[in-house]
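Trainee: give me coordinates for this.
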Amino acid sequence: MIYGGRIHHNKRHYIDWWLTAFILLLMSFGLVVLFSAGGWVLVKKQIIRLALGLMVMLFLAQVKPEKLAGLTPWLYVLTILLLLAVFFFGYESKGATRWIKIGIRFQPSELAKLVIPLMIAWFYRYRILPPDLKSIGTSLLILLIPVFLIFKQPDLGTSILVAVSGLFVLFLAGLSWKYILGGLVTLVSAAPIMWLFFMKEYQKQRVLTFLNPTQDSLGSGWNIIQSEIAIGSGGLLGKGWQNGSQTQLDFLPEHSTDFILSVLSEEFGLLGVTILLLLYIAIILRGLYIASQAKDTFNRLIAGALTLTFFVYLFINAGMISGLLPVVGVPLPLVSYGGTSIITLMAGFGMIMSVYNHRKLLKS
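Mentor: Below is the predicted model:
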């Protein structure tokens with residue numbers, strides 16, 4: 001618009017304030033718990049990573065969904081190439097080869113968490129829904145290639161998350177319940193084959209420990225036993241900040257990463273866990289609301305799938321530290337100390353915000 005000979009640009013910054021507020025509250029709560037679990041050094045590093053994640057989120061929130069859709073096939077090809085590069089140029093850490101160095105240390109499987117739901121949503125962008133058997137087969141092929149490559153690194157936890165993120169897209173696209181039930185029956189039937197021919201020894205041990213952690217209470221069962229002690233000892237109100245014996249006396253391993261929810265349970269009790277879960281629920285409900293407001297298939301599928309994948313992070317981690325699921329190395333989202341997982345999550349929230357904030361443009 002022109003006023004007094006000057007050109008004024010109507011530039012709007014797209015951000016969903018409700019979602020941002022819930023995320024900031026969750027981050028703040030997480031930093032309080034992390035200080036107790038790992039000290040000021042980890043908190044400073046975490047603040048830098050969270051700030052970087054926020055910048056990534058705000059940047060992607062400005063990107064129009066149609067531009068993202070145009071880039072999606074190229075991102076998928078790039079992801080597959082990077083996952084293949086891990087086998088040739090990756091380096092090993094703690095018995096797994098998951099990282100490559102391209103200037104910085106990078107884990108391609110983290111990129112897959114975002115790109116796979118995008119790719120399957122792009123595949124259904126202009127197709128008639130619900131999906132037929134042929135399109136389901138194609139989308140499963142799109143999904144299984146990266147899942148197999150991640151599983152072979154080996155990285156069971158991330159391969160599960162990537163698989164779930166893609167399957168959520170199929171579910172939101174209207175996948176028939178008969179196919180869902182058939183898939184579950186097939187998965188259960190294939191379990192013995194997976195156990196005999198595909199699972200590593202340490203992965204088998206995780207399952208056996210899950211079934212009976214006391215069989216090796218000083219070895220493979222130590223983590224979950226100490227986690228359950230920490231959770232149970234917290235009671236209703238907890239022992240108080242920095243007063244958790246399992247954490248402060250180093251009985252609880254990985255207390256700043258995978259088992260940080262156990263730290264929170266011990267120090268803040270059921271009340272603290274309830275507050276944390278309410279923040280997660282607020283984020284998930286806001287994400288699902290945004291998905292419901294999307295005006296086309298691509299946007300609805302990516303917003304819904306990314307939100308539900310965030311829920312799965314929470315579900316697996318909570319089940320893992322309480323002994324309801326095997327330990328598979330999934331961090332508590334935006335609370336556990338970490339790097340690439342934070343950036344991945346925040347990038348997903350940026351895409352969700354883009355869907356909501358550009359919805360009016362989609363109407364025209």
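
Trainee: show residues contacting stretch 309-325.
Mentor: For stretch 309-325, the surrounding residues in contact (Cβ atoms under 8 Å, 6 or more residues apart in numbering) are 113, 117, 157, 160-161, 164-165, 168, 210, 213, 224, 227-228, 231, 258-259, 261-262, 280, 283-284, 287, 326-328, 330-333, 336, 345, 348. Yep, even glycine has a C-beta here, placed from its N, CA and C like the rest.

Trainee: in helices, which of these fall?
Mentor: 113, 117, 157, 160-161, 164-165, 168, 210, 224, 227-228, 231, 261-262, 280, 283-284, 287, 345, 348 (DSSP state H).

Trainee: now the buried members of the residues you listed.
Mentor: Those of those that meet the buried threshold are 113, 117, 157, 160-161, 164-165, 168, 210, 224, 227-228, 231, 261-262, 280, 283-284, 287, 345, 348, by 16 or more other Cβ atoms under 10 Å.

Trainee: how about the strands of the stretch 1-150 of the chain, start to end?
Mentor: Remark: strands assigned in the stretch 1-150 of the chain by DSSP state E, counting those that start in this stretch are 2-3, 6-7, 91-93, 96-101, 105-106.

Trainee: counting contacts, what elements does the fourth one pack onto?
Mentor: With contacts defined as 3 or more Cβ pairs under 8 Å, 6 or more residues apart in numbering; DSSP states H and E, the packing partners of strand 96-101 are helix 65-89, strand 91-93, strand 105-106.

Trainee: tell me what the shortest one is packed against?
Mentor: Read that as strand 105-106. So strand 105-106, by 3+ Cβ pairs under 8 Å, 6+ apart, packs with strand 96-101.

Trainee: now the strand it packs on: how far from the chain's centre is it?
Mentor: Here the centre of strand 96-101 is set off from its chain's centre by 19 Å, with Cα atoms, centre = their mean, to the nearest Å.

Trainee: cool, stretch 267-287 as well?
Mentor: Offset of stretch 267-287 from its chain centre (Cα atoms, centre = their mean): 16 Å.

Trainee: on that earlier part again, among the helices and strands packed on strand 96-101, which comes closest to Arg125?
Mentor: Of all the helices and strands packed on strand 96-101, it is helix 65-89 that lies closest to Arg125, at 6.5 Å by Cβ to Cβ.

Trainee: for the stretch 101-250 of the chain, what are the low-confidence residue spans?
Mentor: 103-104 (pLDDT under 70).

Trainee: where do the helices sit along it?
Mentor: 108-123, 133-151, 156-172, 177-193, 201-211, 222-234, 245-248 (DSSP state H, counting those that start in this stretch).

Trainee: check contacts around Trp195.
Mentor: Lys204.

Trainee: and for the closest residue in space to Asp216 that isn't next to it in sequence, the neighbour number?
Mentor: With sequence-adjacent residues excluded and distances taken as Cβ to Cβ, 6 or more residues apart in numbering, Asp216 is closest to Thr209, at 6.8 Å. Number of residues near Thr209 (other Cβ atoms under 10 Å) recorded here: 23.

Trainee: again with Trp18
Mentor: Neighbourhood size, Trp18 [other Cβ under 10 Å]: 14.

Trainee: do the same with Gly339
Mentor: Neighbourhood size, Gly339 [other Cβ under 10 Å]: 18.

Trainee: likewise for Leu31?
Mentor: Using other Cβ under 10 Å: Leu31 sits among 17 other residues.

Trainee: what about the stretch 251-364 of the chain, any weak spots by pLDDT?
Mentor: 360-364.

Trainee: residues in contact with the residue nearest to Asp216?
Mentor: By Cβ under 8 Å, 6+ apart, the neighbours of Thr209 are Gln215, Asp216, Ser220, Gly221, Ile224, Pro326, Val327.

Trainee: I figured the last one hits Phe210, correct?
Mentor: Yes. Val327 sits in contact with Phe210 when judged by Cβ atoms under 8 Å, with a separation of 7.2 Å.

Trainee: give me the common contacts of the two.
Mentor: Common neighbours of Val327 and Phe210, using Cβ under 8 Å, 6+ apart, are Ile224.

Trainee: re earlier: nearest to Gly304 among the helices of the stretch 101-250 of the chain would be which one?
Mentor: Closest among those, using Cβ to Cβ: helix 156-172, at 4.5 Å.

Trainee: list the contacts of that closest one.
Mentor: Contacts of helix 156-172 (Cβ under 8 Å, 6+ apart): 98, 109-110, 112-113, 116-117, 120-121, 124, 131, 136, 139, 142-143, 146-148, 150-151, 180, 203, 206, 291, 300-302, 304-306, 308-309, 312-313, 316, 328-330.

Trainee: got the angle for that helix vs helix 133-151?
Mentor: Orientation check (axes from the mean of the first three to the mean of the last three Cα atoms, to 10 degrees): helix 156-172 against helix 133-151 gives 160 degrees.
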